[in-house]
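# Generate a structure from the sequence data that follows.
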Amino acid sequence: MSDPVRQFTITLHENDSDTWRGPMHVLVLHRVPDSFARYAENIDHARHDVTYVHTADRAVTLPAAAVGGLRLERPGQGDTADEVLDAIAGLPTPDVVVALSEYDLLAAGRLRDRLGLPGPSEAEVLPVRDKVVMKRAVAAAGLRVPRFLPLAEALRRGPGGLGWQGATVLKPLAGASSEGVESFPDPATALAAGTDVAVGEYEVEEFVEGPIVHVDGLVVAGELVAVVASEYVGTCLGFATGRPLGSVQTELDPALEDWSRRCLDALAVRDGPFHLEGIVTPDGPVFLELGARFGGADVVDTFELATGVRLPPAHVQLLVDGPIDPPRPRPTDPSARYGWFVLPGHTLGSTHCRVRGHERFRDDPLMLRWVERDPDEPISTTVTYADHLVPAAGLVGPGSTAQLRAFLGALFEEVRVEPVGVTV
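I've put the predicted structure just below:
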């Protein structure tokens, strides 16, 4: 396959009485901003009774009040499912639960179990949230994964009993964005660090050398209906420690597509968007992790540029309106590849910054979108890929994979971010 993507148009079964649902009570665990989810466009608020449950800091990212729907605030201090149940006490039992954020998938499964609702249960969600359960399932399907152990078991065995030597990664079982992930030169150092964390919430795994790719797409009733392959420029772990990160779309060859299908099947991901990461080695890809949700940073935008499909609204449609029609291929320009990048600010030791040496990149025809924080605007002091919270971020393209990779490489080398003012 020479094209970097496969593109499809998706529509709903509006006239199919077996799949089209009548008026419902829709419960939304709101965390993903409406600018991504586009609830108003993808949930008929006149037809359905919609309840949004959110924490105080997410209120500003709700749909406009004119859209309608009941908005309920939860404390955000305890178990999400328990807080949501408390918030909706006395209301009619929902017919469907909508949760788009990786951090809400388990809670949504727990709610479906407790309320007897359709959709992924907690047990079905666990393999795409717990990295030990995840890798066990993928390995059982005959796919290569890094050698790994739950941290508690690794501590019992000791450094000599792990089954590998050399670089070792300490990783939260249910983390995202490489937050809390650390790499060490050997098992002994990793296990020593493991005594300072919540042992039951971590794993250790061997560090596998090689470029990292991510495959993003939409799967409907087990069919891969839209898919894009990309390769990272930098690494998520490097970003967590203060280095720039980006990715550029690349060729989706048949072997990579087949590997992606096998990973999805191993984890029983049959409906919705996915973000799959793997390590490229001479012997083929090594599974890294899979999220049953759309990718972070600007993956959603680059995916839409390449395919015409916007993943968060497609996910909402699947959850609320059920199956979508079989895909209809659309022609694509194989040279129209896109990429994204983000410059971190959380390791600067400051709440403000200044970007230097960026002018030639910002004004280059390959720069599709440039977002920059002014020195008087605060940046996040914790790990985030959000454009409006980092020193600078953007989209690049269209161009060839080689062009975009070289462009981001030069940008990462030349652009500097300097702390300004207040230190933290």
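# quick one: low-confidence parts of the stretch 51-200 of the chain?
Within the stretch 51-200 of the chain, the ranges that satisfy pLDDT under 70 run 177.
# Strands along that one, start to end?
Taking DSSP state E, counting those that start in this stretch as the criterion, the stretch 51-200 of the chain contains strands spanning 70-73, 96-99, 148-150, 168-172, 182-184.
# Would you point to the one among these that's packed deepest?
strand 96-99 (a mean of 24; mean count of other Cβ atoms under 10 Å). Just so you know, the C-beta spots here come from the backbone N, C-alpha and C atoms, and that holds for glycine as well.
# quick one, domains of the chain?
The chain is divided into the following domains under automatic domain parsing: 18-127, 147-206, 335-424.
# chain center to the last one: distance?
So that's domain 335-424. Here domain 335-424 is found 19 Å from its chain centre; the criterion is Cα atoms, centre = their mean, to the nearest Å.
# pLDDT on that domain, on average?
Summarised as a single mean, pLDDT over domain 335-424 is 94.
# unless I'm mixing things up, L100 is touching A37, no?
Yes. Counting by Cβ atoms under 8 Å, A37 is a contact partner of L100 at 5.9 Å.
# Quick check: neighbours shared by those two?
Common contacts of L100 and A37 (Cβ atoms under 8 Å, 6 or more residues apart in numbering): 312, 316.
# in the stretch 101-250 of the chain, which spans are helices?
For the stretch 101-250 of the chain, applying DSSP state H, counting those that start in this stretch gives helices covering 105-115, 122-125, 131-140, 151-157, 187-194, 236-240.
# And those: which comes nearest T302?
helix 236-240 (16.1 Å; Cβ to Cβ).
# list the buried ones in that closest one?
Counting neighbours by 16 or more other Cβ atoms under 10 Å, one finds that the buried residues in helix 236-240 are 236-237, 239-240.
# Now for the residue positioned nearest the centre of the chain: which residues touch it?
When Cα atoms, centre = their mean is applied to the chain, the residue found nearest the centroid is G295 (3.1 Å). Neighbouring residues of G295 by Cβ under 8 Å, 6+ apart: 214, 216, 275, 303.
# what does A190 give?
Neighbouring residues of A190 by Cβ under 8 Å, 6+ apart: 168-170, 182, 184, 204.
# at 6 Å instead, please
168, 170, 184, 204 (Cβ atoms under 6 Å, 6 or more residues apart in numbering).
# still on that earlier bit, quick one: which of the helices of the stretch 101-250 of the chain is nearest Y338?
Across the helices of the stretch 101-250 of the chain, closest to Y338 is helix 236-240 (Cβ to Cβ), at 19.0 Å.
# hey, C-alpha coordinates of the closest one in PDB?
The C-alpha coordinates for helix 236-240 follow below in PDB (Å, rounded to 0.1, in the frame of the first residue of the first chain):
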ATOM      1  CA  CYS A 236       6.900  10.900  24.700                       C
ATOM      2  CA  LEU A 237       9.400  10.100  27.500                       C
ATOM      3  CA  GLY A 238      11.800  12.700  26.200                       C
ATOM      4  CA  PHE A 239       8.900  15.300  26.200                       C
ATOM      5  CA  ALA A 240       8.100  14.400  29.800                       C
END
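# I'd like the average pLDDT over it.
On average, helix 236-240 scores 92.
# Which neighbouring elements make contact with that helix?
Counting contacts by 3 or more Cβ pairs under 6 Å, 6 or more residues apart in numbering; DSSP states H and E, helix 236-240 is packed against no other helix or strand.
# Pull the residues that contact that helix.
Helix 236-240 has contacts (Cβ under 6 Å, 6+ apart) with 178, 181, 245, 344, 383.
# May I see those residues arranged in CSV, with distance to V420 and neighbour count as well?
Output for the contacts of helix 236-240, formatted as CSV (distance: Cβ to Cβ, whole Å; neighbours: other Cβ atoms under 10 Å):
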residue, distance to V420, neighbour count
S178, 26, 20
V181, 28, 17
L245, 22, 25
P344, 15, 25
V383, 20, 19
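# Export those residues as TSV, with columns for distance to G357.
Below are these laid out as TSV (distance: Cβ to Cβ, whole Å):
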residue	distance to G357
S178	26
V181	29
L245	18
P344	16
V383	24
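# and of those residues, the nearest to H54?
V383 (21.7 Å).
# Check the gap between the closest one and L411 for me.
20 Å (Cβ to Cβ, to the nearest Å).
# follow-up on the earlier one: compare the domains of the chain and report which one is nearest to V309.
It's domain 18-127; of these, that one is closest to V309 (Cβ to Cβ) at 12.7 Å.
# how about the helix or strand harbouring T302: buried residues?
Element membership for T302, per DSSP states H and E: helix 299-307. For helix 299-307, the neighbour count (16+ other Cβ under 10 Å) marks 299-307 as buried.
# Now for L91, how many residues are close by?
13 (other Cβ atoms under 10 Å).
# So what sits opposite the residue nearest to it when sequence neighbours are not counted in the bridge?
Spatial nearest neighbour of L91, excluding adjacent residues (Cβ to Cβ, 6 or more residues apart in numbering): T51 at 6.6 Å. Beta-bridge pairing of T51 under DSSP bridges involves L27, L70.
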